[in-house]
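K.L.:
could you look at this predicted model? Sequence included:
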Amino acid sequence: MAIESRIKLAVAQTDCVLGDLNHNLEQHLALIEQARDEGNGLLLFPELSLTGYSLGARVTEVALHRNDLLVRKLADAAQGIDVVFGFVEEGAAAQLYNAMAVVRDGEVVFVHRKLNLPTYGNLEEGKLFAGGRYVDTFPVSGPWQAGLLTCADLWNPALVHLAMLHGATLLLAPVNSALGAVGGEFSNPDGWDLALRFYAMMYGQPVLMANRCGNEGNAVFWGGSRILDPYGRTLAIAPEGHVGLISAELDYADVRQARFQLPTVRDSNLDLVQREISRLAQQIGLPPVQR
């Protein structure tokens, strides 16, 4: 018997003000109210949506603990809806993290700390943040389980694979992607388009990607926020320069069917992969061609 569970989800494409927490908070609260009124069960904001991206040494000025009043305001606003937003988290021992919080019904229910901190091209996150240490998932509603990975985390395919093996049936991808951030002939919009469609199709899972638009100095954020179905087809995409919500309805039966036809998760062969990774790391080290 098919498991049917339909859910309507939304992505917020924003143009935040760098370092202005109060301004960005008001924008979040307005979009949360709109998403809930339109019947969405989850709302995804971009990476660092409360602060902006090009913070530099200002990360210490905008860092928040999980129980900060501002975080609680967002949690209180998230009645009956999962809200996923980005902020600079101050953790134990004065460590700062590029983090995404999930809030619902007045509570912080999940936090993901970014794992891959890009320090190449025009990106300097490794100088600003401590890295996260875990991949995990969180329940949304019914049979839906969300994997949450932030921007450059998705350029490490092993992390996506781990999220899938932890039971994710939905992939959330908050990013802050600017044109020319990597440099050379690499196209950020083309690269993201290919990677997101690949992950959706390969794992038979819907993908929500939230990017911001607007400028910070020379950085031009290209938007392109989107929702893909478990076959990699685009269900909704934000028009160029759009500030606001996009949404789509998903059916768990489609995930079930896609994974039955292309069983990547079932055939992951975890024992073999684990054994070979262990052999590579502990017994062989780097292959001779890379030594």
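P.N.:
Received, thanks. Residues are numbered from 1 along each chain as shown.
K.L.:
ranges for the strands of the stretch 1-150 of the chain?
P.N.:
6-13, 42-44, 82-90, 96-104, 107-113, 137-139, 145-148 (DSSP state E, counting those that start in this stretch).
K.L.:
repeat for the stretch 151-291 of the chain
P.N.:
Shown for the stretch 151-291 of the chain, the strands assigned by DSSP E, counting those that start in this stretch span residues 170-174, 207-210, 213-216, 219-222, 226-228, 234-237, 244-251.
K.L.:
quick one: the helices in the stretch 51-200 of the chain?
P.N.:
For the stretch 51-200 of the chain, the helices defined by DSSP state H, counting those that start in this stretch occupy 59-62, 69-77, 157-165, 188-203.
K.L.:
do you know which of the ones you listed lies nearest residue 129?
P.N.:
Closest of the helices of the stretch 51-200 of the chain to residue 129 is helix 59-62, at 7.2 Å (criterion: C-beta to C-beta). Where you see a C-beta, it was placed from the backbone N, CA and C, and this is true even at glycine.
K.L.:
so how far is the closest one off the chain centroid?
P.N.:
22 Å (C-alpha atoms, centre = their mean, to the nearest Å).
K.L.:
how about stretch 272-287?
P.N.:
Worked out by C-alpha atoms, centre = their mean, stretch 272-287 lies 29 Å from the chain centre.
K.L.:
and if you look at stretch 98-110?
P.N.:
13 Å.
K.L.:
what of stretch 67-79?
P.N.:
Distance, centroid of stretch 67-79 to centroid of chain: 20 Å (C-alpha atoms, centre = their mean).
K.L.:
stretch 135-142 too?
P.N.:
For stretch 135-142 - counting by C-alpha atoms, centre = their mean - the centre lies 13 Å from the chain centre.
K.L.:
ok, now stretch 199-219?
P.N.:
In terms of C-alpha atoms, centre = their mean, the gap separating the centre of stretch 199-219 from the centre of its chain is 8 Å.
K.L.:
which parts of that stretch are buried?
P.N.:
Of the residues in stretch 199-219, 199-214, 216, 219 count as buried by neighbour count, 16 or more other C-beta atoms under 10 Å.
K.L.:
give me the mean pLDDT for it.
P.N.:
Mean pLDDT, computed over stretch 199-219, is 96.
K.L.:
that one: end-to-end distance?
P.N.:
End-to-end distance for stretch 199-219, by C-alpha to C-alpha, to the nearest Å: 27 Å.
K.L.:
equivalent analysis for stretch 118-136, please.
P.N.:
Across stretch 118-136, first to last residue, C-alpha to C-alpha, it's 21 Å.
K.L.:
which parts of it are buried?
P.N.:
Applying 16+ other C-beta under 10 Å to stretch 118-136 flags 118, 123, 125, 128-130, 132, 135 as buried.
K.L.:
now those residues in TSV, with distance to residue 6 and pLDDT?
P.N.:
Formatted as TSV, those follow (distance: C-beta to C-beta, whole Å; pLDDT from 0 to 100):
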residue	distance to residue 6	pLDDT
118	36	93
123	38	88
125	37	95
128	40	97
129	37	98
130	39	98
132	32	97
135	27	97
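K.L.:
run through the residues that contact residue 265.
P.N.:
Contact analysis of residue 265 by C-beta atoms under 8 Å, 6 or more residues apart in numbering lists 164-165, 203-204, 259.
K.L.:
cool, and residue 18?
P.N.:
Residue 18 neighbours (C-beta under 8 Å, 6+ apart): 51-55, 216.
K.L.:
return the distance of it relative to residue 203.
P.N.:
Counting by C-beta to C-beta, to the nearest Å, the gap from residue 18 to residue 203 is 35 Å.
K.L.:
swap in residue 259?
P.N.:
Per C-beta to C-beta, residue 259 is found 8 Å from residue 203.
K.L.:
now do the shared contacts for those two.
P.N.:
With C-beta under 8 Å, 6+ apart, residue 259 and residue 203 have common neighbours 230, 265.
K.L.:
coming back round to it: can I get the contacts of residue 18 in a markdown table including distance to residue 26?
P.N.:
Converted to a markdown table, those look like this (distance: C-beta to C-beta, whole Å):
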| residue | distance to residue 26 |
| --- | --- |
| 51 | 14 |
| 52 | 15 |
| 53 | 19 |
| 54 | 21 |
| 55 | 20 |
| 216 | 19 |
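K.L.:
quick one: the helix or strand bottoming out on mean pLDDT in the chain to chain centroid distance?
P.N.:
The weakest-scoring helix or strand in the chain, judged by mean pLDDT, DSSP states H and E, is helix 270-278 (a mean of 91). Relative to its chain's centre, helix 270-278 lies at 27 Å (C-alpha atoms, centre = their mean).
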